[in-house]
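> sequence unknown, structure follows:
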């Protein structure tokens, strides 16, 4: 997957876990928490969704990388490069 | 005029919020009961296959965000809907109340089966590797979940918990609420019972293994307490929560009062895991009558618990015959014939469906009785068609459950 596809995947996951939010104005360089009502359980949902869909394992120490769309995509790019979007 | 201790101890119902398989408000539900309209339908659930169930179609997102619905449980969602509707009905606004003085007491038959089954089903797709087990499992399955979701939704900071009381739980929730008001532990109790049991295959499968799961070509006729051809229980979901207040508080604010909880009792059979005991059931009714200072023939309507099992219906009828056999003015009905067995919500829902009789003077029927089982014959049983009885003064509501738990409440017209 390329960066744009990974971004799409993350958006799909966010739509699932935050269905009341408008994600149209999401700014990639700003933290999710600044823009959305997300708590620690929601970030665990992102981790679990990636694990279930793509078998991507994100160690707890790396959760900090999921702060914004930009940092999330950058973190996932090398880990999902060989995967097809489903 | 100084308030009397007596008035501080008198507990009244000032709001009702409910969802039943045949109505999402008291008005809809009552009309369905008077019209003989069943809420039971054909239903399929994993592993069990085709069966029947009483399913609710309330609007989940009327009072709950979609995100919270996704995170929580069906029982929590039922509870949130009922609590918000009860609050609206009561005319009370949480902004005007001290949220620490509101208590939430929710009866449940069981909780956690649905969520555990779903999680295991999901996990099977991952070869039972528990790193795919949801972090939501524990907050969804803790026993206080349905009450806790209500407190989160309303912003209530007083006590919240569930009362696990098998199918006596709806009455038990009401009783707990009234006791906490009398103890001064809260000034407003949101209480009653909820059920999400239609979403667990285990409940259906267990009743089927026990030979106690109802089956009929016409789903609307499957739940048929007292009928000769009855063959078991129809599982239902639903909820009914009441706002309870002290009489003096309710009068001070000019609240609409549905009735006063004048008597209640709970006891145990101490005899069998599943079989009921008519002697202890009768004792429970007598204890509630004593607490209310009433005789059996003071009761105008008895709302029975009967679920449609051969033994259970007979035992309850035997108990009711022993208590009300000499009470020609007492009318008897059953609500499960319309909606199935709403488990933790049953007692609370079945009482609610009868309360409008205080105003309209009608005792709704028990439906689906084509041939009355002689062992279920009761003077005053209102069969198949509602009956005009004049405005009642007292309604008595039975609710019994497995492990031999019995509960009775008596409501007086105010």
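Yes, it's here. In this text the structure is predicted, and so the values were computed from the model without any measurement.

> If you tally nearby residues, what's the number for residue 65?
All of this is about chain A. Using other C-beta atoms under 10 Å in any protein chain shown, residue A:65 is surrounded by 15 other residues. The C-beta positions use only the backbone N, C-alpha and C, and glycine is treated the same way.

> Chain B is the one I meant
For residue B:65, the neighbour count with other C-beta under 10 Å is 15.

> nearest spatial neighbour of it, skipping sequence neighbours?
In space, and not counting its chain neighbours, residue B:65 is closest to residue A:20: 5.0 Å by C-beta to C-beta, 6 or more residues apart in numbering or on different chains.

> Three-state assignment for that neighbour, please.
For residue A:20, the assignment made with DSSP: H, G, I helix; E, B strand; the rest coil gives coil.

> Please name the residues that touch the closest residue to residue A:50 other than its chain neighbours.
Among residues not flanking residue A:50 along the chain, residue A:56 sits closest, at 4.4 Å (C-beta to C-beta, 6+ apart). Shown in contact with residue A:56 (C-beta atoms under 8 Å, 6 or more residues apart in numbering or on different chains): A:50, A:76, A:79, A:80, A:83.

> Can I have the buried ones of the residues you listed as a ChimeraX selection?
Of the contacts of residue A:56, the buried ones can be selected in ChimeraX as follows, counting by 16 or more other C-beta atoms under 10 Å in any protein chain shown:
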select /A:50,76,79,80,83
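
> thought residue B:376 was touching residue B:317?
Yes. Using C-beta atoms under 8 Å, residue B:376 is in contact with residue B:317, at 4.5 Å.

> So for these two, which residues contact both of them?
B:226, B:306.

> For chain A, which segments count as helices?
A:3-17, A:32-35, A:40-54, A:69-80 (DSSP state H).

> do the stretch 251-400 of chain B as well
B:278-292, B:310-324, B:336-339, B:346-354, B:357-360 (DSSP state H, counting those that start in this stretch).

> One more: the stretch 51-200 of chain B?
B:66-71, B:74-90, B:113-124, B:137-141, B:145-154, B:169-182.

> Just the buried positions in the longest one, please.
Put plainly, it is helix B:74-90. So helix B:74-90, judged by 16+ other C-beta under 10 Å, has buried residues B:74-87, B:89-90.

> I'd like to know which of the residues you listed is nearest to residue A:66.
Of all the buried residues of helix B:74-90, residue B:76 has the smallest distance to residue A:66: 27.3 Å, by C-beta to C-beta.

> Help me confirm that the closest one comes into contact with residue B:142.
No. If you go by C-beta under 8 Å, residue B:76 and residue B:142 don't touch, sitting 10.9 Å apart.

> Near residue B:217, how many other residues are there?
Look at residue B:217: counted by other C-beta under 10 Å, it has 6 neighbours.

> for it, helix, strand, or coil?
From three-state DSSP, the assignment for residue B:217 is coil.

> Quick check: it vs residue A:49, distance?
Residue B:217 sits 44 Å away from residue A:49, going by C-beta to C-beta, to the nearest Å.

> what about the helices of the stretch 251-400 of chain B, which gets the closest to residue B:46?
helix B:336-339 (23.0 Å).

> so how far is the closest one from its chain's centroid?
With C-alpha atoms, centre = their mean, to the nearest Å as the basis, helix B:336-339 stands 12 Å off its chain's centre.

> Equivalent analysis for stretch B:359-370, please.
For stretch B:359-370 - counting by C-alpha atoms, centre = their mean - the centre lies 18 Å from the chain centre.

> start to end distance for that stretch?
30 Å (C-alpha to C-alpha, to the nearest Å).

> So which residues make contact with it?
Among residues not part of stretch B:359-370, those counted as contacts by C-beta under 8 Å, 6+ apart are B:30, B:33-34, B:36, B:38, B:220-221, B:223-229, B:300-301, B:304, B:306, B:331-335, B:337-338, B:353-354, B:357, B:381-392.

> So among the residues you listed, which ones count as buried?
Using 16+ other C-beta under 10 Å, the buried ones in those are B:30, B:33-34, B:36, B:38, B:220-221, B:223-227, B:300-301, B:304, B:306, B:331-335, B:337-338, B:353-354, B:357, B:381-383, B:386, B:389, B:392.

> So which of these are in strands?
In strands, defined here by DSSP state E, the members of these are B:301, B:304, B:331, B:332, B:333, B:334.

> nearest spatial neighbour of the residue in chain A that chain B sits nearest to, skipping sequence neighbours?
Nearest to chain B in chain A, going by C-beta to the nearest C-beta, is residue A:19, at a distance of 4.0 Å. Among residues not flanking residue A:19 along the chain, residue B:66 sits closest, at 4.0 Å (C-beta to C-beta, 6+ apart).

> next one: residue B:281
Nearest non-adjacent residue to residue B:281, counting by C-beta to C-beta, 6+ apart: residue B:319, 3.9 Å away.

> Quick check: buried residues in stretch A:30-48?
A:32, A:35, A:36, A:38, A:42, A:43, A:44, A:45, A:46, A:47, A:48.

> what about that stretch, how long is it end to end?
Its first and final residues considered, stretch A:30-48 spans 23 Å by C-alpha to C-alpha.

> Centre of the chain to that stretch, how far?
Here the centre of stretch A:30-48 is set off from its chain's centre by 9 Å, with C-alpha atoms, centre = their mean.

> quick one: contacts of that stretch?
With C-beta under 8 Å, 6+ apart as the test, stretch A:30-48 has contacts from A:10, A:13-14, A:16-18, A:21, A:23, A:25-27, A:58, A:63, A:66-69, A:72, B:67, B:71, B:132, B:134-136.

> Give me the neighbour count for the closest residue to chain A within the stretch 151-300 of chain B.
Chain A sits closest to residue B:152 of the stretch 151-300 of chain B, with a gap of 12.3 Å, by C-beta to the nearest C-beta. Residues near residue B:152, counting by other C-beta under 10 Å, number 16.
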